[in-house]
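*Asks:* Structure, please.
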Amino acid sequence: MSEHNVSRRRLLRGTAAGATATGVVHTAAAQGPPERKIIGLTADAPPGLARQSAEEIHHELDFDRIGKAIVGNFPEEAIDGLENNPNVRYVEDDQRATALQTTPWGVDRVGGDLVHDAGETGSGGSIAIVDTGVQVDHESLDVAGGEAFGTTCTTCQEPYGDDNGHGTHCAGTAVAPDNETGVVGVSLQSELYAVKVLDSQGGGDFGDVAAGVEWAADQGIDVVSLSLGGSIPVQALEDACQYAVDQGSLVVAAAGNDGCCDSVGYPAAYDSVVAVSSTNQSDDISSFSSRGLEVDIAAPGSDIYSTYTGGDYDTLSGTSMACPHVAGAAAHLMGDGMENTEARDQLFDTAEDVGLSGNEQGHGLLDAEAAILDDVDPPEPELSVSTDSATGVGETAVTLNGSLSDLGDASSADVRFEWGEAGGVLPNETDARTLTSTGSFSHDVSGLSEGTDYEFRAVAESATEEDAGFVQTFTTDTTGGCFITTATTGEGHTLNSLRRFRDESLATTPVGRGLVEFYYRISPPIADTLADHPDGRTARATRWLVERCGTLSDTQDETDSRAASAALGTVLTTLYLVVVAVGAGGHAGARTRSKLERESS
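*Replies:* This is a model prediction of the structure:
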């Protein structure tokens, strides 16, 4: 394999599947009350499905095409039912989020003063500080509005006021006017919104954070700034961040204060979020700053002077203090007309390399002057390949699939697959195939071991670049496979259709996996009886039913409707249970006749 200059982002994507197995150290976070759950629903599921079984509902979240989520308290018996419902994507414990503060100078270092001198004020942009709230009557802040989720400030002018100080400090760094009082922010005139999701102790739940992010996205706010985090991922918060990006917002989050490698917390570690690490006045990584492949950009976070509650000012340190520097610069760019993806690329492309590792600085240290005042050439196209799911999984053979989505500057690329048994390296390579345009590609692999877990990934290589997709997995069948289907229709299209239904639909739910296990326990003797009497009435009826199942599986595979697919899956499951029942009846009858014949003789 040639040695090419693989970009850091490409490396991250190609090796992400192995990162989880190595163990990751994160900022400690207290888990929320065990009875407080987040129920993730499919996009077309009725909310009443979870609402009717809840003891108390805190939030009903709608992430559009991504799905829905209900945050609330549910009795244990209701959780058991929801976990087995095909319209439920996940059931997870809500988690605690804490302000990332250790105890922060940075506007000049990132060139904010030069941006201001050039007449750029950030007017037209908007920022939501999702945190402990913001002091709405502080002399150096102009809060346009806000909302509170899960907690309120009872002693403040507004429920989204700040009874801790952390959110107010972050707000002053992101946007504070040049009014000859106190401090100035990276942005001077972007609209500032306070979203209170953390209480007076700096703690809160990820379900409330997700609700705050959703609210900010629904208001059309340009930048969502999250100087908070926790060590355990929550799908609802990831959905909320992706929803915000889909709605046009840029989501920025503090990387965390673990002071260690491979320790970026959530939500910063989500792909949709810009993860910010912290530097000190020597341009070194701050001792407390989390590091890892997920870090996108660095910003000043040590000893930052900014606004504080009580109309006061204070000096604090943390990646919490670095995050709003990036948020303020992003609001400038979006206020000047950039889309969220354009602003993200501009921040990365203009970041200053200060000699730190990629795990520490990402693309580099924020350079607001270059990002806002300089014209930057658009990024060069890059070779890009992805790994798709395996198909046609049998006892000893499989079809590996991939997609070439971008050729970069090349006119062609050689694509192949690397594969091997799960848990180790990928020692095997398929023959390379040259593609001159983007599109899907596949390769049939045989000689595999039965009932074995395998891993594979797609790889593309041009004259100047190389890229690899995520690692995917599959498990080969055990001997006999779909026993009744094989006994009645043989090794053909119907068998492949029903294997696809088993692997891609039925086995994706706990109930479905239980049915598959039940089928494998009882069907071998039934299949033997059907094979011994292929022209019998039971075998003919079973064969007809199995063929109908195969046709339904093909129809399910062809539909683009999630609702139609789910309905067909239900019909298929029911019909195949009928197949088992008919076959079992014939098997029992054959055994009874055989026993009577033996006794009579």
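*Asks:* Can I get stretch 78-89 as CSV, trimmed to CA atoms?
*Replies:* Taking Å, rounded to 0.1, in the frame of the first residue of the first chain, the C-alpha atoms of stretch 78-89 are listed here in CSV:
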residue,chain,number,x,y,z
ALA,A,78,-43.7,0.5,30.7
ILE,A,79,-40.0,0.6,29.9
ASP,A,80,-40.1,-3.2,29.2
GLY,A,81,-42.9,-2.7,26.7
LEU,A,82,-41.3,0.3,25.0
GLU,A,83,-38.0,-1.5,24.5
ASN,A,84,-39.7,-4.1,22.4
ASN,A,85,-41.8,-1.7,20.3
PRO,A,86,-40.6,-1.4,16.7
ASN,A,87,-41.4,2.4,16.7
VAL,A,88,-39.0,3.0,19.6
ARG,A,89,-35.4,3.7,18.4
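*Asks:* so where's the protein shaky on pLDDT?
*Replies:* For the chain, the stretches with pLDDT under 70 are 1-34, 99-104, 375-379, 478-481, 507-510, 513, 517, 597-601.
*Asks:* Enumerate the positions of the helix ranked longest in it that are buried.
*Replies:* Longest helix in the chain, counting residues (DSSP state H): helix 562-600. For helix 562-600, burial by neighbour count (16 or more other C-beta atoms under 10 Å) applies to 565-566, 568-569, 572-573, 576, 579-580, 582-584, 586-587, 590. (C-beta placed from N, C-alpha, C; glycine too.)
*Asks:* Which strands or helices does that helix pack on?
*Replies:* Counting contacts by 3 or more C-beta pairs under 8 Å, 6 or more residues apart in numbering; DSSP states H and E, helix 562-600 packs against helix 483-489, helix 493-504, helix 510-532, helix 537-558.
*Asks:* now the angle from that helix to helix 493-504?
*Replies:* 120 degrees (axes from the mean of the first three to the mean of the last three C-alpha atoms, to 10 degrees).
*Asks:* could you give the angle of helix 562-600 to helix 510-532?
*Replies:* 40 degrees.
*Asks:* and helix 562-600, how far out from the chain's middle?
*Replies:* 41 Å (C-alpha atoms, centre = their mean, to the nearest Å).
*Asks:* What of stretch 260-270?
*Replies:* 13 Å.
*Asks:* Help me confirm that residue 165 comes into contact with residue 133.
*Replies:* No: in this structure residue 165 lies outside contact range of residue 133 using C-beta atoms under 8 Å: 9.7 Å.
*Asks:* The longest helix of the chain to helix 537-558, inter-axis angle?
*Replies:* 160 degrees.
*Asks:* what's stretch 265-272 in contact with?
*Replies:* Outside of stretch 265-272, the residues within contact range by C-beta atoms under 8 Å, 6 or more residues apart in numbering are 26-27, 29, 100, 206, 209, 226, 229-234, 237-238, 241-242, 244-245, 251, 253-256, 258, 273, 275-276, 290, 292, 294.
*Asks:* Buried among those residues? Make that a PyMOL selection.
*Replies:* Command for PyMOL, covering only those of the contacts of stretch 265-272 found buried under the criterion 16+ other C-beta under 10 Å:
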select buried, resi 26+27+29+100+206+209+226+229+230+231+233+234+237+238+241+242+244+245+251+253+254+255+256+258+273+275+276+290+292+294
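*Asks:* quick one, which of residue 165 and residue 133 is more surrounded?
*Replies:* Neighbours of residue 165 and residue 133, each counted by other C-beta atoms under 10 Å, are more numerous for residue 133; the result is 34 against 22.
*Asks:* For the more buried one, give its distance to residue 234.
*Replies:* 22 Å (C-beta to C-beta, to the nearest Å).
*Asks:* what's the answer for residue 86, then?
*Replies:* For residue 86, the distance to residue 234 - C-beta to C-beta - is 22 Å.
*Asks:* do residue 84 as well
*Replies:* Taken as C-beta to C-beta, the span from residue 84 to residue 234 is 21 Å.
*Asks:* mind giving me the domain split of the protein?
*Replies:* 31-94, 98-373, 383-475, 483-600 (automatic domain parsing).
*Asks:* now, of these, which is deepest in the fold?
*Replies:* domain 98-373 (a mean of 24; mean count of other C-beta atoms under 10 Å).
*Asks:* Now do the strands in the stretch 251-400 of the chain.
*Replies:* 274-279, 297-300, 304-308, 312-316, 383-391, 398-407 (DSSP state E, counting those that start in this stretch).
*Asks:* Export the ones you listed to a markdown table and append columns for distance to residue 143.
*Replies:* Shown next, in a markdown table, are the strands of the stretch 251-400 of the chain (distance: least, C-beta to C-beta, whole Å):
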| stretch | distance to residue 143 |
| --- | --- |
| strand 274-279 | 23 |
| strand 297-300 | 23 |
| strand 304-308 | 11 |
| strand 312-316 | 16 |
| strand 383-391 | 42 |
| strand 398-407 | 43 |
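*Asks:* how about those strands, which one is nearest residue 57?
*Replies:* Nearest to residue 57, of all the strands of the stretch 251-400 of the chain, is strand 274-279, at 31.5 Å by C-beta to C-beta.
*Asks:* What helices and strands are in contact with that closest one?
*Replies:* So strand 274-279, by 3+ C-beta pairs under 8 Å, 6+ apart, packs with strand 250-254, strand 297-300, helix 319-335, helix 358-361.
*Asks:* So the closest residue to residue 65 other than its chain neighbours versus residue 85, what's the distance?
*Replies:* Leaving aside its sequence neighbours, residue 65 sits nearest to residue 43 (C-beta to C-beta, 6 or more residues apart in numbering; 5.6 Å). To residue 85, residue 43 is 15 Å away according to C-beta to C-beta.
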